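>>> What follows is a predicted protein model with its sequence.
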There are 2 protein chains.
Amino acid sequence: MTTGRRPGDSGTRDAILAAAKEGFATQGYAATSLRGVARTAGVDPSLVTHFFGSKDGLFEAALALPVDPAALVETVLGGPTGRLGERIVRTFLLVWDSTPGQGPMLAMLRGAVSHEDSAAKLRDLLLRSILRPVAHAAGADDPDRRAALLASQLIGLAVTRYVLRLEPIASAAPDELAPVMGKTLQRYLTGPL
Amino acid sequence: MTTGRRPGDSGTRDAILAAAKEGFATQGYAATSLRGVARTAGVDPSLVTHFFGSKDGLFEAALALPVDPAALVETVLGGPTGRLGERIVRTFLLVWDSTPGQGPMLAMLRGAVSHEDSAAKLRDLLLRSILRPVAHAAGADDPDRRAALLASQLIGLAVTRYVLRLEPIASAAPDELAPVMGKTLQRYLTGPL
DNA sequence: GTCTATATGATGATAGAC
DNA sequence: GTCTATCATCATATAGAC
């Protein structure tokens, strides 16, 4: 009964999105061009704006995270508080090390550094996904400060490991990093400052 | 006796360099154009390449740090080891908070995130200015690992404070940050991991 | 859904006049 | 030391044919 081409079933849109994710993730916002994206996707440049409206629209779409970080943190915070910091590091690395997650997160990090809109978005995400949940979990004093400290160490981890690729952190196993960095996060969250 | 225009005494080169520093520091490598630099410097675009050869040459020149970080760290490490971490944070913030330092360092950080050459340069700088000196100071086990951990927290501090501008870290006084983060660095350097 | 054509403008770099 | 002129590319975005 359904005759004619059904909408949205040609792989083109996905190909463009995949190419955009890679571009934004590896080169950042400014250095990624619509034409370049179209080239690596093997499609016509016009299709990019046709599907996503503009470069910003494409960027927006490429930034969609495969997981909800807020829910993730919520889950992590739900467990016993003794090894809270360690669990955060483990989950953080798990999400980043999984390929579908690293793309958008790297794109967001790269974007945030030179694209103000993207920086605001990351600030927002951090606030919603880390600061707020943490503010509740660590009912202790100064939740904002504790959460920001936590963010600083996590972002530092991401930058050294995935962007700068500084050894030996870049190739360290999660089991190696979790205890030592977890201890820091644990103190930032529940310990004496 | 010296007749004619002496070389290098027209403020143009400096104006270009200042504009370039600001551009690279606030927008990153890709988003900063030679023409844009020339525009804010109030000079002809050709002069930019005339003085610096190419965009990479200009970038290189804009990255020249006003201080030698290696010497700085060396000095800091020279003092008593008890409050070593705290001194590192204090010095780090001092250098970043001073205007002439923040430009090139921000430029380097922004560049490193999306410009591979710049990332290599920062890796190199970290290695020479932080990893190596630390490897000597903390004669303990695993100096490479300790130094990388230190770098991760310092970079995280820089990104949250100066790039993301995440509160309350962004506007916190050095006196407020030094003790709490210094404690982390202290453990990374000399404490049990 | 796909593409050609095009408007409009910026980019990095060079050659050469003054 | 400064500038004009120019090259060859690239960019984002639109209108409209098929």
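All right, it came through fine. Residues are numbered from 1 along each chain as shown, chains lettered A, B, ... in the order given.
>>> So what touches the host helix or strand of A:Asp14?
For A:Asp14, the element it lies in under DSSP states H and E is helix A:12-27. Under the criterion CB atoms under 8 Å, 6 or more residues apart in numbering or on different chains, residues A:32, A:36-38, A:40-43, A:47-48, A:51-52, A:58-59, A:61-63, A:102-104, A:106-107, A:110-111, B:30, B:114 lie in contact with helix A:12-27. In short, each C-beta sits where N, CA and C put it, glycine included.
>>> and DNA strand D, which of the residues you listed reach it?
Restricting those to those near DNA strand D by CB under 7 Å from any atom of the strand leaves A:Thr32, A:Gly36.
>>> Buried ones among the contacts of helix A:12-27?
Listed as buried from the contacts of helix A:12-27 are A:32, A:36-38, A:41, A:43, A:47-48, A:51-52, A:58-59, A:61-63, A:102-104, A:106-107, A:110-111, B:30, B:114; burial here means 16 or more other CB atoms under 10 Å in any protein chain shown.
>>> Quick one: mean pLDDT for stretch A:132-149?
Mean per-residue pLDDT for stretch A:132-149: 86.
>>> That one spans what distance, first to last residue?
End-to-end distance for stretch A:132-149, by CA to CA, to the nearest Å: 13 Å.
>>> buried set for it?
Those buried within stretch A:132-149 under the rule 16+ other CB under 10 Å are A:Arg132, A:Pro133, A:Val134, A:Ala137, A:Ala138, A:Pro143, A:Asp144, A:Arg145, A:Arg146, A:Ala147, A:Ala148, A:Leu149.
>>> Secondary structure and distance to DNA strand C added to those residues, as CSV?
Listed next are these as CSV, based on DSSP: H, G, I helix; E, B strand; the rest coil; distance: CB to the nearest atom of the strand, whole Å:
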residue, secondary structure, distance to DNA strand C
A:Arg132, helix, 38
A:Pro133, helix, 38
A:Val134, helix, 41
A:Ala137, helix, 44
A:Ala138, coil, 46
A:Pro143, helix, 43
A:Asp144, helix, 39
A:Arg145, helix, 40
A:Arg146, helix, 42
A:Ala147, helix, 38
A:Ala148, helix, 35
A:Leu149, helix, 38
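>>> Could you dump those into JSON lines and include distance to DNA strand D?
Listed next are those as JSON lines, based on distance: CB to the nearest atom of the strand, whole Å:
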{"residue": "A:Arg132", "distance to DNA strand D": "33"}
{"residue": "A:Pro133", "distance to DNA strand D": "35"}
{"residue": "A:Val134", "distance to DNA strand D": "37"}
{"residue": "A:Ala137", "distance to DNA strand D": "41"}
{"residue": "A:Ala138", "distance to DNA strand D": "42"}
{"residue": "A:Pro143", "distance to DNA strand D": "40"}
{"residue": "A:Asp144", "distance to DNA strand D": "36"}
{"residue": "A:Arg145", "distance to DNA strand D": "39"}
{"residue": "A:Arg146", "distance to DNA strand D": "40"}
{"residue": "A:Ala147", "distance to DNA strand D": "35"}
{"residue": "A:Ala148", "distance to DNA strand D": "34"}
{"residue": "A:Leu149", "distance to DNA strand D": "37"}
